[in-house]
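>>> this is the structure alone, sequence omitted:
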């Protein structure tokens, strides 16, 4: 049956004949995607790929609307103090599930699946990328099939943005399939990719495409798109050409800003740009090597023209002004980042003991100031930014060696040789995505306990002052106090210089005008895919 379904989908453009019947056309939407997931097990993924997989195949307790506000998904309502979902002391959070939600295999989704998902996230045998926020939870229980109760160890204001929420990337997974397994790290794709989302998995041809079919029993209603094929097209020029020839109906996560103008020139293609909850960051390794010296980090931050880099690399799509909105959302403060000042950078490196050598490269104690910048290959932005930074640092006496990695290798866990999470870099260039709400949710990128490989503190900086401010913001339900804390946090980030924030990420979304109902939110353009409607080709 699976083999026949895959064949039908492959023939969808010309129609597929059911056994003993006439050929029947199966309307198919084909989208291009630059990166292929390493897994379809959603608890093992992070970032945009995880949000895509989660939004299409699985359900969350809560999701986000097009402005980033929390909205119910599998839950009836978002828990708040006002509706009684959050207790007055902030330690008890209650969700009520919609009745009638079913997994793709027909089994009922219940509160016990939410309990199991929590324990799977916290199980040390599973290679979960990040447990930030979940470690604040003392227990998760299911008094009945439609009620989930969280008891927190201490107040945690971002809990509803975190627990089984689209913002945090971890959806509800099926206990009846996964309970009893030794771990979830290497699951058979066909057998174990069973979700409750608007689409179900039909086929994964690794290196080529995913084929999904509409989940007719989806609790929000039958999706308007019957078949969805996601083709993996890592080359931007190929993506553009296939959109022009209509081999692709769209690409919802275009990574190369240079394609924006050509895409807008393609007849019948709708193109939008939308701000996302993410930033393009240049990280300094604050734990080892020359960049462990804050004086060196501050100097390098002044040697890099963030505005010029983003104008050249993203053609103005990513703006460096106000870029911290990508991490802190509405809590972004008017904190002045280090301004581009090569003369000041040279003086600061001199003061830190790094003097110009005979060839112009700085030397201290017989060691050259030669640094390695790790970045992801296959994306035009990364290559252009890395080359620009290399040229700018050369002007202040830094020898910067560029090391590009394949996408899956770059973001691999430390124990799998990943350079970013393994700390094998002096500088690392990466897009990072936070919760749409911003504010205290950004703690996982900066606090001491989240230093990679334990979490997403990629720079590995540890400043107890930051920890204290984040902790105060997380415990407080007073908006004014939270805003004061988060402003102080951003000022400390300027002082500690673990990163240079080059720009807020904006997505380029392109799709056929025949597709209606696409409403990208700051987390993913795939949210709300059940609402999509595909008009017949003319």
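In hand now; what should we look at? Remember, it's a predicted structure, so these values are computed and weren't measured experimentally.

>>> now the top strand by length along the chain: average pLDDT?
The residue-count maximum for a strand in the chain (DSSP state E) belongs to strand 269-284. Strand 269-284 shows a mean pLDDT of 90.

>>> pull the distance from the helix or strand following it to the chain's centre.
Next helix or strand after strand 269-284 toward the C-terminus (DSSP states H and E): helix 294-303. Remark: helix 294-303 is offset 28 Å from the chain centroid, using Cα atoms, centre = their mean, to the nearest Å.

>>> please, where are all the strands along the stretch 251-400 of the chain?
Using DSSP state E, counting those that start in this stretch, the strands found in the stretch 251-400 of the chain span residues 269-284, 355-356, 362-364, 367-368, 370-376, 399-405.

>>> what would those look like in JSON lines with mean neighbour count and distance to residue 209?
C-beta coordinates here come from the backbone N, C-alpha and C atoms, glycine included. Below are the strands of the stretch 251-400 of the chain laid out as JSON lines (neighbours: other Cβ atoms under 10 Å; distance: least, Cβ to Cβ, whole Å):
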{"stretch": "strand 269-284", "mean neighbour count": "22", "distance to residue 209": "20"}
{"stretch": "strand 355-356", "mean neighbour count": "14", "distance to residue 209": "53"}
{"stretch": "strand 362-364", "mean neighbour count": "19", "distance to residue 209": "49"}
{"stretch": "strand 367-368", "mean neighbour count": "13", "distance to residue 209": "47"}
{"stretch": "strand 370-376", "mean neighbour count": "21", "distance to residue 209": "22"}
{"stretch": "strand 399-405", "mean neighbour count": "17", "distance to residue 209": "24"}
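
>>> distance to residue 480 added to those, as TSV?
Below are the strands of the stretch 251-400 of the chain laid out as TSV (distance: least, Cβ to Cβ, whole Å):
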stretch	distance to residue 480
strand 269-284	23
strand 355-356	48
strand 362-364	46
strand 367-368	48
strand 370-376	40
strand 399-405	43
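
>>> nearest to residue 232, of the ones you listed?
Among the strands of the stretch 251-400 of the chain, strand 370-376 comes nearest to residue 232, with 15.3 Å by Cβ to Cβ.

>>> packing partners for the closest one?
Packed against strand 370-376 by the contact rule (3 or more Cβ pairs under 8 Å, 6 or more residues apart in numbering; DSSP states H and E) you find helix 380-394, strand 399-405, helix 407-410, strand 427-433.

>>> strands paired with it, and their directions?
Using DSSP bridges, strand 370-376 pairs in its sheet with strand 399-405 (parallel), strand 427-433 (parallel).

>>> average pLDDT for the last one?
Spelled out, that is strand 427-433. The pLDDT scores in strand 427-433 average 90.

>>> which secondary structure elements does whichever helix or strand comes after that strand contact?
Counting by DSSP H and E, the next helix or strand C-terminal to strand 427-433 is helix 464-475. Other elements packing on helix 464-475 under the criterion 3+ Cβ pairs under 8 Å, 6+ apart are helix 479-496.

>>> for the helix it packs on, buried residues please.
By neighbour count on 16 or more other Cβ atoms under 10 Å, the buried set for helix 479-496 is 482-490, 492-493, 496.

>>> looking at those residues, spot the one nearest residue 430.
Of the buried residues of helix 479-496, the one sitting nearest to residue 430 (Cβ to Cβ) turns out to be residue 493, at 16.2 Å.

>>> show me what contacts the closest one?
For residue 493, the contact set (Cβ atoms under 8 Å, 6 or more residues apart in numbering) comprises 335, 446, 466, 499.

>>> for residue 333, see how far away it is.
10 Å (Cβ to Cβ, to the nearest Å).

>>> could you do residue 366 as well?
Distance, residue 366 to residue 333, by Cβ to Cβ: 42 Å.

>>> who has more neighbours out of these two?
residue 333 (15 against 5; other Cβ atoms under 10 Å).

>>> wait, what's in contact with the more buried one?
324, 483, 486-487, 490-491.

>>> tabulate those residues in CSV, adding columns for distance to residue 33.
Compiled in CSV, the contacts of residue 333 are given as follows (distance: Cβ to Cβ, whole Å):
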residue, distance to residue 33
324, 28
483, 37
486, 34
487, 37
490, 33
491, 38
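
>>> endpoints of stretch 98-116, how far apart?
End-to-end distance for stretch 98-116, by Cα to Cα, to the nearest Å: 18 Å.

>>> do the same with stretch 387-400
Stretch 387-400: ends 9 Å apart by Cα to Cα.

>>> same thing with stretch 283-297?
First-to-last residue span, stretch 283-297, Cα to Cα: 10 Å.

>>> buried residues, that stretch. List them.
The neighbour-count check on stretch 283-297 (16+ other Cβ under 10 Å) flags 283-286, 289-291, 293-294, 296-297 as buried.

>>> still on that earlier bit, most neighbours out of the contacts of residue 493, which is it?
residue 446 (27 neighbours).

>>> give the contact list for that residue.
Contacts of residue 446 by Cβ under 8 Å, 6+ apart are 457, 461, 463, 466, 470, 489, 493, 498.
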